[in-house]
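J.: sharing a model prediction with you, sequence too.
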Amino acid sequence: MSGEEFFREIEHREVPWGERWVHVPVFYQDATTISALFPASLRKIQGLLPSPRIRPIRVSLRRGLLSITAHEFRRSDIGPYNEVGISIPFTLDSSAPVLRNIFGRQRGDPRIYIHHLPVTTEIARDLGVEFAGYPKFVAEIGFEDQTEWRMCRLEADQQHVLTFGVRKLALHDSARSRVHCYTFRNGMLLRSEMIGSERKVGSSENHTDVRLDLGHHPIAQELKDLEIGRAIGLSHAPGYQIILTPVIESIPSRP
């Protein structure tokens, strides 16, 4: 499927926002993404969550999952920008069984609670915070393509937060994807959807195909405190399209 076909027949409405107009849903016409999953202390992950309804996915009785994702949005409705997501995969209300196979995931579309979401432009920050409660702030995020690696470096407040990268692996066809993105605002869990087009993806469960170096920024220290282990899954999608919906559901954070 071509990029244009992915967006066909979808109502793409202009809505007023301050002194300008923006499109809803947001179309990302050219995106590249690297992502990895890391085991981390289940108890400490739970300490980051705003609601007891969020049940982190586990890889053992004492270890949950942390997701680190880096996006380069080369073309979108709100212009080009980069983004790093630090998120926690979870189930809602009911505990999930221990996950044995990263690529044989839970049935249904994955849910992630977004804990940090630095971006490189003010419009990306302001729109995300106002429309969906995303925990966005402006930071410096750069990408580097090396011979075998795709690398991302995140700095904030003139401090190194993290350097993250995945090995460029053989690409295979991947179906369309849907991720439920959750944030928290005013006592409510807010759900948006991120829909990814069919694409080519490189993936692996080999920890040697991931690099993660944490700096001295408070976010880096927070990640160190989570007792992150070696990566157990990664993916690299070098070019595809995304549709990001506005908030489509709000859920009380207390049962």
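T.: Okay, I see it.

J.: touching, Arg63 and Ser41? I think so.
T.: Yes. Contact between Arg63 and Ser41 holds when scored by C-beta atoms under 8 Å: they sit 6.9 Å apart. Yep, even glycine has a C-beta here, placed from its N, CA and C like the rest.

J.: neighbour count for these two, which is higher?
T.: When Arg63 and Ser41 are compared for neighbours, Arg63 comes out ahead with 20 against 17, by other C-beta atoms under 10 Å.

J.: dump the residue contacts of the more buried one.
T.: Taking C-beta atoms under 8 Å, 6 or more residues apart in numbering, we find Arg63 in contact with Pro39, Ala40, Ser41, Leu42, Gly229.

J.: one more: Ala132?
T.: If you count contacts by C-beta under 8 Å, 6+ apart, Ala132 has them with Cys181, Thr183, Leu190, Ser192, Pro246, Val247.

J.: just the buried ones out of those, please.
T.: Under a neighbour-count criterion of 16 or more other C-beta atoms under 10 Å, the subset of the contacts of Ala132 counted as buried comprises Cys181, Thr183, Leu190, Ser192, Val247.

J.: low pLDDT regions in this structure?
T.: By pLDDT under 70, the low-scoring segments of the chain are 1-3, 99-108.

J.: would you point out which residue is most central in it?
T.: In the chain, the residue lying closest to the centroid (C-alpha atoms, centre = their mean) is Gly85, at 4.3 Å.

J.: give me the packing partners of the helix or strand encompassing that one, helices and strands only.
T.: Assignment of secondary structure by DSSP states H and E places Gly85 within strand 81-92. Using 3 or more C-beta pairs under 8 Å, 6 or more residues apart in numbering; DSSP states H and E as the contact criterion, the secondary-structure elements in contact with strand 81-92 are strand 54-56, strand 63-76, strand 111-119, helix 122-132, strand 140-145, strand 149-156.

J.: need the ones you listed in TSV (columns: distance to Gly47).
T.: Formatted as TSV, the entries for these read as follows, by distance: least, C-beta to C-beta, whole Å:
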stretch	distance to Gly47
strand 54-56	11
strand 63-76	11
strand 111-119	11
helix 122-132	23
strand 140-145	26
strand 149-156	22
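
J.: tell me which of these sits nearest to Ser197.
T.: Taking C-beta to C-beta, strand 63-76 is the member of the helices and strands packed on strand 81-92 nearest to Ser197, at 13.4 Å.
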